[in-house]
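Novice: What follows is a predicted structure for the sequence shown.
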Amino acid sequence: MPILDRRSLLLGAAAALPLLPAAMPARATAPFRGQLPPAWHRFKIGEFEATVASDGALPLGPPQPVFTNSSAAEMDALLRAAFLPTDATILEQNGLVVNTGRHLVLFDTGMGTSMGPQITKDAGGPWCSRLLDNLRAAGIAPEQIDLVAVTHAHCDHCWGLVDERGNKVFPNAQVAVSEADLKFWTDDGNKRGPAFMTPFVDGAKKNLGAYRDRLVMVRDGAEVVPGITAIAAPGHTVGHHVYAITSGNQTVVNTGDLAHHYVLLVRKPMWEFSFDTDPKQSARTRTRMLDSFAANRTAILSYHFPWPGLGHVAKEGEGFAWIPAPTNVTTLG
C-alpha cells in the first residue's frame, strides 16, 4: 500500500472541500470600551490580610528633568534595556490596606479630589483618583478605615483625605503622620522654590487640617498599631517614613516613596529626584535601605512601582534589581 506524504494529504483534503462564497469583509460590531477594570489585589502577611488598590497612573513627563544628576545616555540605555519609552515616565499608585484583625489601616490616600478637578489634573493627570472606587470594588468602605498612615504629605499621598468640600473621606479614622512633615507642609513660609510648593502646601493644609483633632504623630521605631512599625526614611520629605508590617515570621515593608522608579532609582540609587526635599539625603537613605532589604531578603511594597508593587530587591552591580512577586502568590515572606 503506498504511503501518502503530508503534501498529498493536504492537497486531497483541499480538493474535497465544497466551494464557499467569497469571504465577507470583517466588521467590528462591538465598540471600544475605553474603561479600566477594578484594580485590587489581595494577599496574606502572616495572619494579616492585605489588599492593594490602585489610585491609577501618575505621568511625570520626560524623565530627564525629573531624575537629576544622571547621564542622559545612561538613562536612555537603562530604559531601553527595560523596554520602556525614553521620552515619558509613568508611575503607578499602589494604595495598601492591612486588616490586622483589630485594625483596618490604609497607607496613603492617592490624589483624591480635594483640590478640585483642574489642580488635581495638573498635579496628577487624568488617570488618577481611582482609589475609592477600587477599594469599594475590593469590598472595603472608607467608613471602615480606622487609621490612615501617611508616609508623607505630598499630593498623591494625602490629598484624598477630604473631598472637594472639605468633608472627611474616612470619617472614623485617625491619621498618622510625622510631626516634621505636618509642620513643614502646613507652613505657608515654605511656598517658595519650585512652582509645585504652593499647591502642595495648600493641599496638605486642607487635608491634614480637617483631621487636626485625630492626628497621631508617628515616631521612628514605634508601632502605630500592633504589628505595624514606622521607620524614619528622610530625604524625599523631611518626615518621610516607611512602615514595616509584621505578622508571625513574615514582614513586608511599605516603602512609600523611598524609590519612585523600579529601574532608574533601583539600578542607580544615588541618582536624585526633582521632587525630593533633600535629594542627596534621599539618595543616601534609599541606598542604605535597599541594601538592607536585599541583604535580609525583605519583601517590600512600593507605592510607585508597577502594579501591584510587591516584590524584592536584589543586589546587582553598583545598584539593585527589582524582582516582582508573582500575583498568584497569596503569601509574601
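Specialist: Yep, it's here.

Novice: you'd agree residue 244 is up against residue 251?
Specialist: Yes: using C-beta atoms under 8 Å, residue 244 makes contact with residue 251 at a distance of 5.7 Å. For glycine as for every other residue, the C-beta is placed from the backbone atoms N, C-alpha and C.

Novice: Neighbours of residue 65, how many?
Specialist: 10 (other C-beta atoms under 10 Å).

Novice: Following element in sequence after the helix or strand residue 280 falls within, please.
Specialist: Element membership of residue 280, judged by DSSP states H and E, is helix 279-296. Later in the chain than helix 279-296, the nearest helix or strand by DSSP H and E is strand 299-301.

Novice: Number of residues surrounding residue 30?
Specialist: For residue 30, using other C-beta under 10 Å, the count is 5.

Novice: An error on my part: the question was meant for residue 215.
Specialist: Neighbour number of residue 215 under other C-beta under 10 Å is 16.

Novice: same check, this time on residue 193
Specialist: Using other C-beta under 10 Å: residue 193 sits among 9 other residues.

Novice: Could you do residue 70 as well?
Specialist: For residue 70, the tally of surrounding residues (other C-beta under 10 Å) stands at 18.

Novice: What sits closest to it if chain neighbours are left out?
Specialist: Of all residues not flanking residue 70 in the chain, residue 271 sits nearest, at 4.7 Å (C-beta to C-beta, 6 or more residues apart in numbering).

Novice: Repeat that for residue 311.
Specialist: That would be residue 324: by C-beta to C-beta, 6+ apart, it lies 4.1 Å from residue 311.

Novice: which residues touch that neighbour?
Specialist: 305, 306, 310, 311 (C-beta atoms under 8 Å, 6 or more residues apart in numbering).

Novice: So what's the model's average confidence on the helix or strand containing residue 119?
Specialist: Per DSSP H and E: residue 119 is located in helix 117-124. For helix 117-124, mean pLDDT rounds to 80.

Novice: what does it rub up against?
Specialist: 58, 111-113, 115, 128-129, 155-156, 159, 196, 199, 203.

Novice: Among those residues, find me the one that's closest to residue 145.
Specialist: Comparing these against residue 145 with C-beta to C-beta places residue 112 closest, at 13.7 Å.

Novice: Count the residues that sit near the closest one.
Specialist: Look at residue 112: counted by other C-beta under 10 Å, it has 26 neighbours.

Novice: Show the model's pLDDT score for it.
Specialist: For residue 112, the pLDDT comes out at 96.

Novice: and it, what element?
Specialist: Per DSSP H and E, there is no helix or strand for residue 112.

Novice: In this structure it contacts residue 159, no?
Specialist: Yes: taking C-beta under 8 Å as the definition, residue 112 is a contact partner of residue 159 at 4.4 Å.
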